[in-house]
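Asker: need the 3D shape of this:
(one chain, ligands or ions: 1)
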Amino acid sequence: MATRVSNSGRPPKPKGQKHGKQEIRQQKRKREQEDLQSLEARISDLDIKSTEIKLFSDLPLSQPTTSGLKASHFTTLTDIQAGAIPLALKNNDILGAAKTGSGKTLAFILPVLEKLYRAQWTEFDGLGALIISPTRELAVQIFEVLRKVGRYHAFSAGLVIGGKSLKEEAERLTRMNILVCTPGRMLQHLDQTAGFDADNLQILVLDEADRIMDMGFQRDVDALVEHLPKSRQTLMFSATQSKKVSDLARLSLKDPEYVSVHESAASSTPSNLQQHYIVTPLHEKIDTLYGFIKANLKSKIVVFLSSGKQVRFVYESFRHLQPGIPLLHLHGRQKQLARLEITSRFTSAKHSCLFATDVVARGIDFPAVDWVIQVDCPEDSDTYIHRVGRTARYQSNGRAVLFLDPSEEAGMLQRLEQKKIPIQKVNVKEKKKKSIQNSLQNMCFQNPDLKYLGQKAFISYARAIHLQRDKEIFNLDKLDLDAYAAGMGLPGTPQIKFQKGEDIKRIKNAPRANMSSDSESDMDLDGPKEKPKKTKKKDEVRTKYDKMFERTNQDVFSSHYSKIVDDQDNNDDSDDDFLAVKRRLNDDDLDAESRKAPGTAIKALDLGGGEAYVVDSKRREKALKSKKKMLKFRGNASKLVYDDDGNAHEIYELQDEDDFKQEGAAEDLRQKFLEGETARVKEADVDDKALARQKKREKKEKRKAAERAEFMDSGDEAPQLVGGGDGDDNEDPLALLRSLPIAGEEGGSGDESGDEPPRKKAKKWFQQDSDVESDAGKKSAKAKKKSKGKGKVFEVQEEPETLEDLEALATGLLDG
Ligand SMILES: Nc1ncnc2c1ncn2[C@@H]1O[C@H](COP(=O)(O)OP(=O)(O)OP(=O)(O)O)[C@@H](O)[C@H]1O
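Answerer: Prediction:
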């Protein structure tokens, strides 16, 4: 029998084989239909009140989800998962509230996967699920859990958090079934991206719902919901959730089920969390923090401060002091990739100290954090709960310390008591107290950029306190700001100007999002925001110091100086800033000021070389700034000659040859000149020697004084300054900065390098009141130390390293 050969050269497939494949496909589809029907039947039979549901295997879940859970080593349900998942599988809207670290993420990810699976969602159906998070970091984290647990599903999933051009993101969006996003960026796409809509959306999730629904995001959420179909399922989760009717109406939740697993519990914080507070005056806070870090070098610590500027100042100054633990810092103003990089570095670090704003207060799941330190008091008890929730997650132990100024103690304790938060007072051991004020002062003196950063940090702190609503806790008048500025190493207290009247009322009543210190929103920074226009003041006079600092602008921190000056200038124009540094005019400023004719717009323009030209019109000012036109003002060129001492002389100063000959024979004149000079040198030599002796004496005295001071200050760690550092006038003030690694980079000051020399065991840094009374405390301290570190959660999954890795995974994300 002859075999038919096709054009491709391959023998044609026998008819029976073709039919066989079709049959297999049909059988597979039939099996899937049967599986689906049995899944639906199991869901409708599911008793949501059953207390028997303890394991994921007790739930009616699809095969791909069950395999994903198994591969991620999840077997037992947490309370919130047991409460919320059955209800969500039955298509209910949910309002879920559970303590930090209790597993809320899985409680909404499983319903999302199951919803789309049961709807047999394909790539052609478009966007089926939208998960909204208030921060980028949290969105990335949710995305990773989705990637892990959903690995055997065939959905596509994407991350929409900005950081890429809208166009680039838009190209991929239309192919996604599940999106994890921040509200601002998502809204931008829904408004602007052609061909992308959410008309088919099946399920909407809001993680950290209370924060998303907070004033700052209300408008974005309202607008976002406008784009979504009404017939959808909605799940809202948070650690501290209110049941605000307005929020529910806004999201059109239909008879939502409230699932709260800590209402009946004794406290709203995890029971495996030990909570302490220390009363430390504002000006000693930095010292106390430094002492704490030095005593806990083998720990993983998150330190919360009130603003990005505070974070930067403490991070930069501690980095110079090299405490001996890798330091990291995170705040909302950093570039997105840097933020993600730092988050992942801290996640994988064994011992590290992360200085952060509230950008990481919510939801972020850093594994095995030993300590959460709140150096600046949180704005309310909810923020306190979220911050301490970065430790003691799931079943691991953790400890938290809150620093309180004496003026904040009573008010804050009352707020914590209302939330049944068990917190115990501890005192710093006298022996362990350290002052780094001298070192900070020294650093600020050596390094003006650090000083300006400190001044900005000081202002942002004062501003944050002033804007706090809870006046029973926060009262600027009760804080010793002069001492605080000195404690930060600043040469004086930056002057703060208060605006009075209507403006202050308006700012006080401003929503919380606008209130965040330094108008630095730590949350979603992607939304379309108008940049404040920088208006150059008409009659601005630039001093030589201004110019000097502009020149140093290439350096990392010099911009802070310009910002201080800018802020001050903007302050005059804008109603928004009601606190500002009033920079005192120095002599040069006054000099320049005095050139201004009173009551006119005339100003002095310094064009270098010490010459000042009066500017009385714009045209003249422009002409003066043009080099070419300046030649007109400079007159004709003249020739200069230089003598042996390097002094310049006009050419006509040189003597005529005939005049010279009249003075006598050249040889006689030379001899006379030599004798005169020899006598002068001898005289000068005696003076020089005396001067050299005096200098030597002075140097010796200076050195001795420094040694004495060091001896007196032996408890303090001297700053390790580059390039000598004994105040040499010729020293480059920026040398210190230039020699250091750029923020967040490896190496250098021992920050990020993992290889630390072995150290002695850190001694307990604080004492509880009971410790003072008996020695038994010492033993209990040892026991506590032993228990620390048990039951930590370690990630075993290989993590994608960059955003690109994540994006690459995103397109075919959930393919099996
Ligand atoms: N069923 C489970 N079994 C084991 N570990 C779990 C389970 N569910 C969650 N976890 C782990 O618990 C940790 C905390 O989970 P998750 O981040 O979801 O908490 P959360 O309630 O969202 O916290 P927060 O309120 O701070 O956002 C994670 O490391 C997660 O992997």
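Asker: which helix or strand in this structure has the lowest average pLDDT?
Answerer: Within the chain, confidence by mean pLDDT, DSSP states H and E is lowest for helix 735-739 among all helices and strands, at a mean of 27.
Asker: and the longest helix for this protein?
Answerer: Using DSSP state H to define each element, the chain has its longest helix at helix 666-712.
Asker: quick one: low-confidence parts of the stretch 451-600 of the chain?
Answerer: Residues of the stretch 451-600 of the chain that meet the criterion pLDDT under 70 lie in 497-600.
Asker: so where's the protein uncertain?
Answerer: In the chain the weaker segments, taking pLDDT under 70 as the threshold, are 1-19, 214-216, 241-250, 262-266, 497-641, 643-646, 648-656, 709-816.
Asker: show me where the stretch 101-250 of the chain has its helices.
Answerer: With DSSP state H, counting those that start in this stretch, the ranges of helices along the stretch 101-250 of the chain come out as 104-118, 136-149, 166-173, 183-192, 209-212, 215-226, 245-250.
Asker: looking at those helices, which is closest to the ligand?
Answerer: In this view, those are compared for proximity to the ligand by Cβ to the nearest ligand atom, and helix 104-118 is the closest at 3.3 Å. The way it works is simple: take the backbone N, C-alpha and C, and place the C-beta from them, glycine included.
Asker: which residues of the stretch 151-300 of the chain lie near the ligand?
Answerer: For the stretch 151-300 of the chain, the contact set with the ligand under Cβ under 6 Å from any ligand atom comprises residue 239.
Asker: can you give me the strands in the stretch 151-300 of the chain?
Answerer: In the stretch 151-300 of the chain, the segments counted as strands under DSSP state E, counting those that start in this stretch are 157-160, 178-181, 203-207, 233-238, 257-260, 273-279, 300-304.
Asker: which ones are touching residue 273?
Answerer: By Cβ atoms under 8 Å, 6 or more residues apart in numbering, the residues touching residue 273 are 388, 391-392, 397-400.
Asker: max pairwise distance over those residues: which two?
Answerer: Spatially, the most separated pair among these is 388 and 397, at 12.6 Å (Cβ to Cβ).
Asker: which one's more surrounded, the two?
Answerer: Under the neighbour definition other Cβ atoms under 10 Å, residue 388 and residue 397 were set side by side, and residue 388 has more, 28 against 20.
Asker: any idea how far the ligand is from that one?
Answerer: As defined by Cβ to the nearest ligand atom, to the nearest Å, residue 388 lies at a distance of 10 Å from the ligand.
Asker: give the closest residue to residue 62 in space, chain neighbours not counted.
Answerer: What sits nearest to residue 62 in space, not counting adjacent residues and going by Cβ to Cβ, 6 or more residues apart in numbering, is residue 117, at 4.6 Å.
Asker: for residue 462, same thing?
Answerer: Distances taken as Cβ to Cβ, 6+ apart put residue 496 closest to residue 462, at 5.6 Å, once the chain neighbours are dropped.
Asker: the one you found and residue 673, how far apart?
Answerer: Look at residue 496 and residue 673: by Cβ to Cβ, to the nearest Å, they are 66 Å apart.
Asker: more neighbours: which of these two?
Answerer: Summary of the neighbour comparison: residue 496 and residue 673, criterion other Cβ under 10 Å, with residue 496 having more neighbours (17 against 10).
Asker: that one touches residue 460, doesn't it?
Answerer: No. Because the distance of 10.9 Å does not satisfy Cβ atoms under 8 Å, residue 496 is recorded as not touching residue 460.
Asker: which of the contacts of residue 273 count as buried?
Answerer: Of all those considered here, the ones buried according to neighbour count by 16 or more other Cβ atoms under 10 Å are 388, 391-392, 397-400.
Asker: and these, which of them are in strands?
Answerer: Assignment to strands by DSSP state E places the following of the buried ones among the contacts of residue 273 there: 398-400.
Asker: return the member of the residues you listed nearest to residue 349.
Answerer: Residue 349 lies nearest to residue 398 out of these, by Cβ to Cβ, at 15.8 Å.
Asker: quickly list what the closest one is bridged to.
Answerer: With DSSP bridges applied, residue 398 shows beta-bridge pairing to residue 273.
Asker: so residue 426 is in which element?
Answerer: Assigning secondary structure by DSSP states H and E places residue 426 in strand 424-428.
Asker: need the contact list for the residue nearest to residue 62.
Answerer: When contacts are counted by Cβ under 8 Å, 6+ apart, residue 117 is found next to 62, 64-65, 153.
Asker: re earlier: can you redo the helices of the stretch 101-250 of the chain as CSV with distance to residue 466?
Answerer: Shown next, in CSV, are the helices of the stretch 101-250 of the chain (distance: least, Cβ to Cβ, whole Å):
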stretch, distance to residue 466
helix 104-118, 35
helix 136-149, 28
helix 166-173, 37
helix 183-192, 27
helix 209-212, 23
helix 215-226, 19
helix 245-250, 29
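Asker: out of these, nearest to residue 44?
Answerer: Proximity of these to residue 44 was assessed by Cβ to Cβ; the nearest stretch is helix 104-118, lying at 11.8 Å.
Asker: is the ligand contacted by that closest one?
Answerer: Yes. Using Cβ under 6 Å from any ligand atom, a contact is recorded between helix 104-118 and the ligand, made by 104-106.
Asker: now the strand holding residue 426: buried residues?
Answerer: 426, 428.
Asker: pick out the residue of the stretch 151-300 of the chain closest to the ligand.
Answerer: When you check the stretch 151-300 of the chain against the ligand by Cβ to the nearest ligand atom, the closest residue turns out to be residue 239, at 3.9 Å.
Asker: got the contact list for that residue?
Answerer: By Cβ under 8 Å, 6+ apart, the contact set of residue 239 is 97-100, 102, 104, 208, 362, 385-386, 389.
Asker: what about residue 69, helix or strand, and which?
Answerer: Assigned by DSSP H and E, residue 69 belongs to helix 63-71.
Asker: what's next to that helix, contact-wise?
Answerer: Applying Cβ under 8 Å, 6+ apart, the external contacts of helix 63-71 come out as 35, 56-57, 61, 75, 110, 113-114, 117, 148-154, 816.
Asker: ok, stretch 373-381 next?
Answerer: 285, 289, 292, 301-306, 310, 314, 358, 384, 387-388, 400-405, 408, 412, 415-416, 418-419, 421, 461, 464, 468-470, 473-474, 512.
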